[in-house]
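Colleague: Show me the folded form of this:
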Amino acid sequence: MTHSDTLPPRSASGFRRPRPRARLAPRETTRPLPEALPPLTVDDLPRSLPFAPKDTLQVGSPPLRLVIKTVTGLSERFRWWRTPLTSAATATEEMGPLDNLYWIHKSKYPVCQMPGGADPDSRLDRNYRGVSLPQGLVPERTLTLGACGDMLRSPGIDGSQDILFEKVADDLFGQDLAFANFESPVTTQPLVDEVIGDAGPPVECCSREQFDIFKGHRGRNFDMLHTANNHMFDMGVEGIESTQSALAEEGIANLGTLRSPAQHGRAVIVDRNDIRIGFVSDCFGLNGRVMPEDERWRIHVSKLLSKKQPPDLSLLKRQIDDARAQNCDFIIASVHWGWEFELFPREVQIAAAHELVEYGADSLICHHPHVIQPVEVYRTERDPARVAVIAHSLGSLTWAFMAPHIVLSTILKLRLAKGYFEGDLVTFIAGVDAVPVFRTYVEEEGHMITRIEKLTDHVGRQDSLFPQEYVGQIAAHAEHVLGPDCMRRPKG
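Modeller: Have a look, this model is predicted:
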């Protein structure tokens, strides 16, 4: 059986952008680097939720509480870990005491530099607005995609039906395909609140009614949700199956969790506007939770970032092979991996992402770090005319914290074009945009609601509901990661 989802056709739209790989001249930004920003005061913050995970720790052991307080206090005072702790694990089952202390620290004070303090532009081409079609390719078919990052249940969701996405609906649901990483498995069991502490990994889940809020906006649903992530086994097999049933009932294609062993290692195929897209997926782990041997086919999981071995890309490559065999025009890899609260990918991730592109992935959409990371433009060696786009992390669209680096996320917009180039029928990326957005929690008619806002609608606006010092710090993180041009609205 072929694991494919054929979706109904939608109207197409085409765009042209400047030629790819044209380097932008360095620009000065008026905002300081995130790590140089002054601490926010109570008056600078919207009154609603905790600032960062570090502020909500629940630790039962008094000696452990003392160790955490001492080490994190010293790390704040002496500004340790301004660059990544190179020995740190990201998979829960490999994390030791130092890894946990490092995680606690950076949840409040994100790591703003690349390893060794390297200049990001020396390693990554971040000129995503410079992407265009090669000269001579005349589009015959076009397709647009809008993608956002992690969606997790958080306070304010219950009252946010058709409010959550209203300010960004066009960027997601106005596209031919709308995509997200869904990270709170649907369950029929009693809901469990997220607790971060020494009692074990936090649990994420949501009710069917809450899923109905996440699924879309005013009758337009996401077309695909990625479900292979580290929280998808939090509620056991029931959570996986309930999530799959909810997606199926709403006509949403499911990427990453499987209905049968035969689907394991297969791509999900979407046909839209006469363009066939193959989606492939993988996840770095399940927070140390071990699935029974005879159930492991249910989620695409690999040791993508183990401390003990090189990245295992075999499952992703197997799916890419399957997408090729099904004559896909374009292949998108959705990968759940990375080190949390680090604003730039590590070298091992960059190299692995490039390897996947050279193997056949035409774009990568990545998630998990809870913060945004750059949108990279990568010209392939396998086809010098082809440019791949790698969104290293789109951040968390929804979560229960208010720190500027955590409320910030990215909506990635891709424009694809299919046509003849040098005698071959090809599908290339015609244009890219990265829209910085941030989530807000406000009280309306006596209820807390969550709404996603475009950052450009609030920076420098005295009529904004949110303090400019707070909005400015969010913008500083966006410019530091995406580049100063991210705050400039694209023409057209």
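
Colleague: Dihedrals phi and psi, Met151?
Modeller: For Met151, the backbone dihedrals (degrees, to the nearest 10) come out as phi -110, psi 110.

Colleague: how much distance is there from the longest helix seen in the chain to the middle of the chain?
Modeller: Longest helix in the chain, counting residues (DSSP state H): helix 62-78. Distance of helix 62-78 from its chain centroid, counting by Cα atoms, centre = their mean, to the nearest Å, is 30 Å.

Colleague: Would you mark the buried spots in it?
Modeller: By neighbour count with 16 or more other Cβ atoms under 10 Å, helix 62-78 contains the buried residues Ile68, Val71, Thr72, Ser75. The C-beta positions use only the backbone N, C-alpha and C, and glycine is treated the same way.

Colleague: How about residues contacting it?
Modeller: Here helix 62-78 makes contact (Cβ atoms under 8 Å, 6 or more residues apart in numbering) with Lys54, Leu57, Val59, Trp80, Trp81, Leu101, Ile104, His105, Tyr109, Asp198.

Colleague: Which ones among those residues lie within helices?
Modeller: Filtering these for helices - DSSP H - leaves Leu101, Ile104, His105.

Colleague: I figured the second one hits Pro53, correct?
Modeller: Going back to what we said before, that points to Ile104. Yes: using Cβ atoms under 8 Å, Ile104 is in contact with Pro53, at 7.4 Å.

Colleague: Would you convert the ones in helices among the contacts of helix 62-78 into a markdown table that also reports distance to Arg141?
Modeller: Formatted as a markdown table, those follow (distance: Cβ to Cβ, whole Å):
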| residue | distance to Arg141 |
| --- | --- |
| Leu101 | 52 |
| Ile104 | 49 |
| His105 | 49 |
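
Colleague: thinking again about what came up before, who has more neighbours, Ile104 and Pro53?
Modeller: Remark: of Ile104 and Pro53, Pro53 carries more neighbours, 24 against 21, as counted by other Cβ atoms under 10 Å.

Colleague: Enumerate every residue touching that one.
Modeller: By Cβ under 8 Å, 6+ apart, Pro53 lies in contact with Ile104, Ser107, Lys108, Ile196, Phe401.

Colleague: if you set the cut-off to 6 Å instead, what comes out?
Modeller: Ser107, Ile196 (Cβ atoms under 6 Å, 6 or more residues apart in numbering).

Colleague: can you check Pro311 too?
Modeller: Pro311 is in contact with Leu304, Ala352, counting by Cβ under 6 Å, 6+ apart.

Colleague: Now name the helix or strand holding it.
Modeller: Element membership for Pro311, per DSSP states H and E: none, as it lies in no helix or strand.

Colleague: With Ala333 instead?
Modeller: strand 330-336.

Colleague: count of neighbours near Asn327?
Modeller: By other Cβ under 10 Å, neighbour count at Asn327 equals 9.

Colleague: got the phi/psi numbers for it?
Modeller: Dihedral angles for Asn327 - degrees, to the nearest 10 - are phi 60, psi 40.

Colleague: next one: Val459
Modeller: phi -70, psi 130.

Colleague: Report how many residues lie close to it.
Modeller: 17.

Colleague: wait, it sits on Ala475?
Modeller: Yes: contact between Val459 and Ala475 holds when scored by Cβ atoms under 6 Å: they sit 5.0 Å apart.

Colleague: got the buried residues for stretch 217-229?
Modeller: His217, Asn221, Phe222, Asp223, Met224, Leu225, His226, Thr227, Ala228, Asn229.

Colleague: what about the helices in the stretch 101-250 of the chain?
Modeller: Remark: helices assigned in the stretch 101-250 of the chain by DSSP state H, counting those that start in this stretch are 120-123, 169-173, 208-214, 236-249.

Colleague: And those helices: which comes nearest Gln113?
Modeller: Go through the helices of the stretch 101-250 of the chain one by one with Cβ to Cβ and the one that ends up closest to Gln113 is helix 120-123, at 8.7 Å.

Colleague: how about that closest one: buried residues?
Modeller: Judged by neighbour count using 16+ other Cβ under 10 Å, the buried positions of helix 120-123 are Pro120, Arg123.

Colleague: SS state for the closest residue to Glu140 other than its chain neighbours?
Modeller: Distances taken as Cβ to Cβ, 6 or more residues apart in numbering place Gly419 nearest to Glu140, at 4.6 Å, with adjacent residues excluded. When classified by DSSP: H, G, I helix; E, B strand; the rest coil, Gly419 comes out as strand.

Colleague: and for stretch 192-208, what are the contacting residues?
Modeller: Contact with stretch 192-208 is made by 53, 56-59, 92, 152-153, 183-187, 191, 231, 234-235, 287, as judged by Cβ under 6 Å, 6+ apart.

Colleague: and those, which are buried?
Modeller: The buried subset of the contacts of stretch 192-208 (16+ other Cβ under 10 Å) comprises 53, 56-57, 59, 92, 152-153, 183-187, 231, 234-235, 287.

Colleague: which one of these is nearest Ser281?
Modeller: Lowest distance from Ser281 to these (Cβ to Cβ) belongs to Glu183, with 13.3 Å.

Colleague: That closest one and Asp150 touch, don't they?
Modeller: Yes: assessed by Cβ under 6 Å, Glu183 is found in contact with Asp150 at 4.9 Å.

Colleague: In contact with Pro185, which residues?
Modeller: Pro185 touches Cys205, Met232, Met235, Gly239, Thr243, counting by Cβ under 6 Å, 6+ apart.

Colleague: Turn those residues into JSON lines, columns for distance to Leu133 and pLDDT.
Modeller: Shown next, in JSON lines, are the contacts of Pro185 (distance: Cβ to Cβ, whole Å; pLDDT from 0 to 100):
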{"residue": "Cys205", "distance to Leu133": "43", "pLDDT": "98"}
{"residue": "Met232", "distance to Leu133": "37", "pLDDT": "98"}
{"residue": "Met235", "distance to Leu133": "45", "pLDDT": "97"}
{"residue": "Gly239", "distance to Leu133": "43", "pLDDT": "98"}
{"residue": "Thr243", "distance to Leu133": "38", "pLDDT": "98"}
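
Colleague: Compare those residues and tell me which is most surrounded.
Modeller: Among the contacts of Pro185, the one with the most neighbours (other Cβ under 10 Å) is Met232, at 28 neighbours.

Colleague: And stretch 331-340, how far out from the chain middle?
Modeller: Distance, centroid of stretch 331-340 to centroid of chain: 8 Å (Cα atoms, centre = their mean).

Colleague: Dump it to PDB, keeping only the CA atoms.
Modeller: Presented in PDB, the C-alpha positions along stretch 331-340 are these (Å, rounded to 0.1, in the frame of the first residue of the first chain):
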ATOM      1  CA  ILE A 331      10.800  16.700  -1.600                       C
ATOM      2  CA  ILE A 332      10.500  18.400   1.800                       C
ATOM      3  CA  ALA A 333      12.100  16.900   4.900                       C
ATOM      4  CA  SER A 334      10.400  17.800   8.300                       C
ATOM      5  CA  VAL A 335      13.000  17.100  11.000                       C
ATOM      6  CA  HIS A 336      12.400  17.400  14.800                       C
ATOM      7  CA  TRP A 337      15.800  17.900  16.300                       C
ATOM      8  CA  GLY A 338      18.300  20.400  17.700                       C
ATOM      9  CA  TRP A 339      19.500  21.800  21.000                       C
ATOM     10  CA  GLU A 340      16.900  23.800  22.900                       C
END
